[in-house]
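Undergrad: sequence unknown, structure follows:
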């Protein structure tokens, strides 16, 4: 079990807590508890809660301050207590089942959305892209023929420029919807293209460390990894005010480890608790859809670090 696995507490098992024993130092443990977006606590040797985050407090309907210092058993239902309260046990079972169904629905919606993205991207590239390219060629032939007066020539030149801009925009939009490199070159090539486009568009230096041999994955895993990295870079561009980004993607013992680090202003616990943090929500849903783990931390000043672990034994080519 990895450290990230110890940190993650699924809401499907609301009574389970990450006790942080593998984290060692108390200060490090408190920061880990505070920065994870899942319901987490840290209990000391006396089984009193030394640190709790907002998600854990919300789970039990009490302030964070009220949990800290309390006996851990106050918030854990013993097996005999559940047996004595069959209604509570049934309620917990229904909640777990509903949570599983929501996860399955989210995964299905993600798959449908990817299919639609792929379809639209191909339509744009194959149909509209070819039409624009044909118009550009026709204009080039007219210009070579030298027909018309100076005003008409200037008009054709302007049309050539506009068509070139339209074609470039079309390619960018189609790539954002579904990068052709994922289908034609695989995840390794697609990640390099994503890095290059990010650095070119936002002027932020971006380094990618990955081994192509380790990224031979099926379409489900490749798309998931690509979208996680893409969303992380989008968040950096929007919010981080960073100058440099480092991406590490490598395989270890049947798991894929992804690390995204930037040197920006650093994410805060308040940022992670915002209801409108759709980028973080999207990343978590994709990670959890593959039964993985994700930790977002702003401790390593300056900047933010995102660590993701995905089990990929069943997704290798």
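TA: Structure's in. What do you need? Because the structure is predicted, anything quoted here is derived from the model rather than measured. Numbers count the residues shown, from 1 in each chain.
Undergrad: Point out where the stretch 101-250 of the chain drops to low pLDDT.
TA: 101, 103-108, 145-148 (pLDDT under 70).
Undergrad: mind listing the strands for it?
TA: Here the stretch 101-250 of the chain has its strands, by DSSP state E, counting those that start in this stretch, at 205-210, 244-252.
Undergrad: Tell me which of the ones you listed sits nearest to residue 304.
TA: With Cβ to Cβ as the measure, strand 244-252 is the member of those nearest residue 304 (10.0 Å). C-beta: built from backbone N, CA, C; applies to glycine.
Undergrad: helix or strand right after the closest one?
TA: strand 255-262 (DSSP states H and E).
Undergrad: so that following strand versus strand 205-210, what angle?
TA: Counting by axes from the mean of the first three to the mean of the last three Cα atoms, to 10 degrees, strand 255-262 lies at 170 degrees to strand 205-210.
Undergrad: wait, isn't residue 265 in contact with residue 238?
TA: No: contact criterion Cβ atoms under 8 Å: residue 265 and residue 238 do not qualify, at 11.9 Å.
Undergrad: Which one's more surrounded, the two?
TA: Taking neighbours as other Cβ atoms under 10 Å, residue 265 and residue 238 compare with residue 265 leading, 16 against 10.
Undergrad: what's near enough to touch the more buried one?
TA: Going by Cβ atoms under 8 Å, 6 or more residues apart in numbering, residue 265 touches 239, 240, 241, 242, 302, 303.
Undergrad: Narrow those to just the buried residues.
TA: Taking 16 or more other Cβ atoms under 10 Å as the criterion, what is buried in the contacts of residue 265 is 239, 240, 242, 303.
Undergrad: Test my guess that the second one contacts residue 306.
TA: In this case it means residue 240. No: if you go by Cβ under 8 Å, residue 240 and residue 306 don't touch, sitting 11.1 Å apart.
Undergrad: for the longest helix seen in the chain, packing partners?
TA: Longest helix in the chain, counting residues (DSSP state H): helix 86-123. With contacts defined as 3 or more Cβ pairs under 8 Å, 6 or more residues apart in numbering; DSSP states H and E, helix 86-123 has these neighbours: helix 79-84, helix 150-177, helix 278-289.
Undergrad: So for stretch 154-164, what gets flagged as buried?
TA: So stretch 154-164, judged by 16+ other Cβ under 10 Å, has buried residues 156, 159, 160, 163.
Undergrad: May I see those arranged in a markdown table, with distance to residue 66 as well?
TA: Shown next, in a markdown table, are the buried residues of stretch 154-164 (distance: Cβ to Cβ, whole Å):
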| residue | distance to residue 66 |
| --- | --- |
| 156 | 73 |
| 159 | 68 |
| 160 | 68 |
| 163 | 64 |
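Undergrad: Quick one: closest of the helices and strands packed on helix 86-123 to residue 119.
TA: With Cβ to Cβ as the criterion, residue 119 lies closest to helix 150-177 of the helices and strands packed on helix 86-123, at 9.1 Å.
Undergrad: rewinding a little: can you redo the contacts of residue 265 as JSON lines, where the extra columns are distance to residue 313?
TA: What follows is the contacts of residue 265, written out as JSON lines (distance: Cβ to Cβ, whole Å):
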{"residue": "239", "distance to residue 313": "34"}
{"residue": "240", "distance to residue 313": "33"}
{"residue": "241", "distance to residue 313": "39"}
{"residue": "242", "distance to residue 313": "34"}
{"residue": "302", "distance to residue 313": "36"}
{"residue": "303", "distance to residue 313": "32"}
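Undergrad: ranking the helices and strands packed on helix 86-123 by burial, who's on top?
TA: helix 278-289 (a mean of 18; mean count of other Cβ atoms under 10 Å).
Undergrad: How many residues are close by residue 193?
TA: 17.
Undergrad: In contact with it, which residues?
TA: Neighbouring residues of residue 193 by Cβ under 8 Å, 6+ apart: 175, 179, 181.
Undergrad: what residues are up against the last one?
TA: To tie it back to what came earlier, the one meant is residue 181. Counted by Cβ under 8 Å, 6+ apart, residue 181 has contacts 189, 190, 193.
Undergrad: Could you do residue 140 as well?
TA: Neighbouring residues of residue 140 by Cβ under 8 Å, 6+ apart: residue 160.
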